[in-house]
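J.: Let's see this in three dimensions:
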Amino acid sequence: MSPAPTTFALTPGKRVLFLTKDPDLIRRQLSGELDLKMADIDPADLLDDINTDTMTPAWVCFRHRPEDLARDAYAGLIVDKQRVVPTDALKNGGFEIIVAGLRKGVGSSRETAVQAEKWSGIRMSVAASFAPIHGRNLINQGVLMGTYKMLERLQAGEEIAVDEFLQGHDPITQAIIRAGGLFPFGAAVRAGEIEVPAHTTGKRPMTMGEKIIASHLVGDVSPYVKPGDAVVARVDGGYSHEFTTAQVHVFLEEAFGKDYTLPNPAKFAVFEDHLIYADGVPSMMPFAHQIQELRDLQREFQRHTGVRDYSARDGVSPGICHQVAREQFIEPGDFIQATDSHTCMGGGNNALAYGVGTTEYAALIQSGFTMVSVPESIRFELVGELKPGVAAKDVMLYILLHHAKPQHTLNRIMEFGGPGLASMSMDERATLTNMATECSARTGICEVDDKALAWFAARRPGVDVEALRAKAVAPDAGAVYDGGVHTIDLSALEPMVATPGDPDHGIPSDPTNGALVSELGDVAIDIAYGGSCTAGKRDDLDMYAAVMREAMEAGLKVAEGVRFFIQFGSEDVERYARDAGYMDVFQATGVQVIAPGCGACIGCGPGVSDSPDQVTVSAINRNFRGRSGPGRLYLASPSTVAASAVAGRITAWQPGRLAALVGA
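T.: Numbering: from 1, shown residues only. The predicted model follows:
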């Protein structure tokens, strides 16, 4: 293996692509008509919040080989119904640096976004800030992250030492950058060419996330950590799904040979949940062969490695990976890694859980440990209790608007606690941590109490509750929160709706009449969708059923011209709904019920829009353009989604007032 370069310079003849808010400027650069200079660009004119769905939409991710992904890099960047970056445009444009604005790479943890750039020739990504998982994927793939000032110097003909790109990174991450990526770094460590530095942090009060990392350290090191420490930590478990497993399998074969083995396969799992209904979506039908190949490769990986198998049986999925994992095997104090950004949902169980790219996951399941740069933390002290009709989803839309948008949560562990948290169920706590990734946080984590322990006991027969209590972590008195401690009075919150484009576009409802504020206006809907890992839990079904039972008793149904879909998050949730009699309520009111799976949340199942003029109100976690079809998608809580389905327009629910809100 040749050594990684120690300097970076623009290759003669190579170009820089600026992703500007003006699509015509991007098109002119791609055609070769225009070359821009950073010195002439106002950073405010660059695209902010470019999400990984834009960089590699779901249909592009059906290709598991990076060179094939690269052909349709940025296929999701669409303006006026036309792609801004056509097939092969990035690859054939001769670019090696790509430039964006704030929070580049938000959304899904899909490493395909980085691979599509890298295999198109991109060697350096420049932005004002990067979403944490995307930034880690860039590092693991050996793509440098630079600043606007660096780019000005490069375009002036300067050569920059790689060491300049190390600023702000911990020693292990610096070593990975110098090595040219995670796999070259791992090879150098195994060959004795790189020694992993030990940390020496002394005794200090720690947050919940810090305590979990400290309890999983490998080697004879200090049992305390602080933000910025570079450590090696043991992983308790993880999982992948059919969207990502194929790449994990191929990467391990390439790195360790076709006869590779895993030391602890029982700690890891595969799920068939994301593409279970893709075959039935007209826009997905052209990709049926690729989808089946992903399924086949996952099954091959499972047989080869012996990891736990949550494959579909007779076409029925056991459930969404994040929901099943929290139900069945994630415990307090665990350190969990998986190939999906909503892995953080496990934080509701008092675990440290977050998503990683396929390269990082392949490396950690082969070794049993991973490299961690200890993140900073931010605490949300919850007080009061939610009013009827207000849910954890509304709490997160509030946090997205007031804390994520100004970047308070960026790359931090979101810690939830206080008496307000104690008033919330475990399912609602899971909603809080699930949507930490929408906040561009590293993850979320909740405190444990007797309510949490009773939840474990009810779902896991024979579990040792006292052992779980002993494993649970709580913050130390005096723990340091670099993001601050923020008190949220739950009783003061109202139902919220996020307008299309981003989850941080939140608008609260008007409590005087139950309708939304005039800023939103009267929004008629075509589709209402309740499901996904965020909103397919038992408590979510309780919310849908409460609204629809009120509708049934008032002689109301789903509004004419509206389709309302409810999809279970797991087989356990489906059994619960049937036992509770909810199926009769849904049938009587015109709800279409779907077996467990992801589906519409990633545009691969019933509930996706078919045309740009359709409007959806959905309880899923993110509403990026094209995420769930070409239409406009609003985010809301399960109660608001159900009430809107009955009203035919976006409407917040107030118990006992549904008929009045509908106008019946």
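J.: Below-threshold pLDDT in the stretch 101-250 of the chain: ranges please.
T.: Nowhere does the stretch 101-250 of the chain drop to pLDDT under 70.
J.: Which residue ranges of it form helices?
T.: 112-118, 132-140, 148-155, 171-179, 182-190, 208-215, 245-256 (DSSP state H, counting those that start in this stretch).
J.: just so I know, which of those lies nearest A353?
T.: Proximity to A353 (Cβ to Cβ) singles out helix 208-215 among the helices of the stretch 101-250 of the chain, at 9.6 Å. Bear in mind the C-beta positions are built from the backbone N, C-alpha and C, glycine included.
J.: Please spell out which residues along that closest one are buried.
T.: For helix 208-215, the neighbour count (16 or more other Cβ atoms under 10 Å) marks M208, G209, E210, K211, I212, I213, A214, S215 as buried.
J.: Against G631, how distant is the second one?
T.: Just to be clear, that refers to G209. G209 is 38 Å from G631, where distance means Cβ to Cβ, to the nearest Å.
J.: Equivalent analysis for E67, please.
T.: According to Cβ to Cβ, E67 and G631 sit 32 Å apart.
J.: These two: which has the busier surroundings?
T.: G631 (20 against 12; other Cβ atoms under 10 Å).
J.: For this structure, which residues score under the pLDDT cut-off?
T.: 1-2, 509-519, 664.
J.: In it, where's the longest helix?
T.: Secondary structure of the chain per DSSP state H: the longest helix is helix 288-305.
J.: What are the buried residues along the next helix or strand after that helix?
T.: Following helix 288-305 in sequence order, the next helix or strand is strand 308-310 (DSSP states H and E). Buried residues in strand 308-310, counted by 16+ other Cβ under 10 Å: R308, Y310.
J.: so what strands line up beside strand 308-310?
T.: Strand 308-310 has its sheet partners listed here by DSSP bridges as strand 268-271 (parallel).
J.: With only the CA atoms kept, save stretch 604-621 in CSV.
T.: Provided in CSV are the C-alpha atoms of stretch 604-621 (Å, rounded to 0.1, in the frame of the first residue of the first chain):
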residue,chain,number,x,y,z
CYS,A,604,-40.5,2.8,-0.7
GLY,A,605,-44.0,1.9,0.3
PRO,A,606,-47.7,2.8,0.4
GLY,A,607,-48.2,6.4,1.4
VAL,A,608,-45.8,8.0,-1.0
SER,A,609,-47.1,10.9,-3.1
ASP,A,610,-47.3,10.3,-6.9
SER,A,611,-47.1,13.9,-8.2
PRO,A,612,-45.7,17.3,-7.1
ASP,A,613,-49.1,18.8,-6.6
GLN,A,614,-50.1,16.3,-3.9
VAL,A,615,-49.9,17.3,-0.2
THR,A,616,-49.0,14.9,2.6
VAL,A,617,-49.1,15.3,6.4
SER,A,618,-46.9,12.7,7.9
ALA,A,619,-45.7,11.5,11.3
ILE,A,620,-42.3,10.5,9.9
ASN,A,621,-39.1,12.1,11.0
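J.: can you pull the buried residues of that stretch?
T.: 604-609, 614-621.
J.: How about stretch 439-451?
T.: For stretch 439-451, by 16+ other Cβ under 10 Å, it's C439, S440, A441, R442, T443, G444, I445, C446, E447, V448, D449.
J.: In the chain, where's the longest strand?
T.: strand 377-383 (DSSP state E).
J.: what angle do that strand and helix 208-215 make?
T.: If you take axes from the mean of the first three to the mean of the last three Cα atoms, to 10 degrees, strand 377-383 sits at 130 degrees to helix 208-215.
J.: Following element in sequence after strand 377-383, please.
T.: helix 392-399.
J.: can you list contacts of that next one?
T.: Outside helix 392-399, the residues that touch it by Cβ atoms under 8 Å, 6 or more residues apart in numbering are 380, 382, 386, 409, 414, 424, 428-429, 431-432, 435, 438-439, 488, 490, 493-498, 503, 506, 508, 534-535, 619, 635-638.
J.: Moving C-terminal from that helix, which element do we reach first?
T.: Helix 392-399 is succeeded, C-terminally, by strand 413-417 (DSSP H and E).
J.: Okay, A191 and A179: tell me how far apart.
T.: 11 Å.
J.: Please say which of those two ends up with more neighbours.
T.: Higher neighbour count among A191 and A179: A179, with 21 against 9, using other Cβ under 10 Å.
J.: In this structure that one contacts T173, no?
T.: No: assessed by Cβ atoms under 8 Å, A179 is found out of contact with T173, at 10.6 Å.
J.: what helices or strands is the longest helix of the chain leaning on?
T.: Where contact means 3 or more Cβ pairs under 8 Å, 6 or more residues apart in numbering; DSSP states H and E, helix 288-305 is packed against helix 245-256, strand 268-271.
J.: Would you tell me which one of those is buried the most?
T.: Sort those by mean neighbour count, taking mean count of other Cβ atoms under 10 Å, and strand 268-271 sits at the top with a mean of 26.
J.: I'd like to know which of the helices of the stretch 101-250 of the chain is closest to C344.
T.: helix 132-140 (10.1 Å).
J.: Contacts for that closest one next, please.
T.: 52, 104-106, 109, 111, 113-114, 125, 130, 144-145, 169, 173, 176-177, 181-182, 341, 354-357, 359-360, 375, 410-411, 437, 440-442.
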